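*Asks:* here is my input, please return the structure:
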Amino acid sequence: MQAYCVKCRAKRDMKDPKSITMKNGKPATQGTCPVCGTKMFRIGKA
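*Replies:* Sure thing, here's the model as predicted:
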């Protein structure tokens with residue numbers, strides 16, 4: 001799944017994406033950037 005990396009300033013494929021639920025109960029996906037290793041986050045169902 002693709003997400004925007006804030007550090008690289010580019011859209012990249014997430015490494016190790018995990019489905020999570022935010023505090024407000026909405027679904028999201030969290031992973032890491034394969035280039036710089038920064039946490040990536042995408043709101044919405046995967």
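*Asks:* in the protein, mark out all the helices, start to finish.
*Replies:* Read by DSSP state H, the chain holds no helices at all.
*Asks:* centroid-wise, who is the farthest residue in it?
*Replies:* If you look at how far each residue of the chain sits from its centre, by C-alpha atoms, centre = their mean, the farthest one is residue 24, at 17.5 Å.
*Asks:* ok, now how distant is that one from residue 43?
*Replies:* 10 Å (C-beta to C-beta, to the nearest Å). For every residue, glycine as well, the C-beta is placed using N, CA and C.
*Asks:* for residue 5, same thing?
*Replies:* In terms of C-beta to C-beta, residue 5 sits 15 Å off from residue 43.
*Asks:* what's the answer for residue 20, then?
*Replies:* Taking C-beta to C-beta, one finds residue 20 at 10 Å from residue 43.
*Asks:* quick one: common contacting residues for those two?
*Replies:* 27, 28 (C-beta atoms under 8 Å, 6 or more residues apart in numbering).
*Asks:* can you give me the strands for the protein?
*Replies:* 2-5, 10-13, 15-21, 27-32, 39-43 (DSSP state E).
*Asks:* CSV for those strands, including mean neighbour count?
*Replies:* Formatted as CSV, the strands of the chain follow (neighbours: other C-beta atoms under 10 Å):
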stretch, mean neighbour count
strand 2-5, 16
strand 10-13, 12
strand 15-21, 11
strand 27-32, 16
strand 39-43, 16
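*Asks:* right, I'll leave it there.
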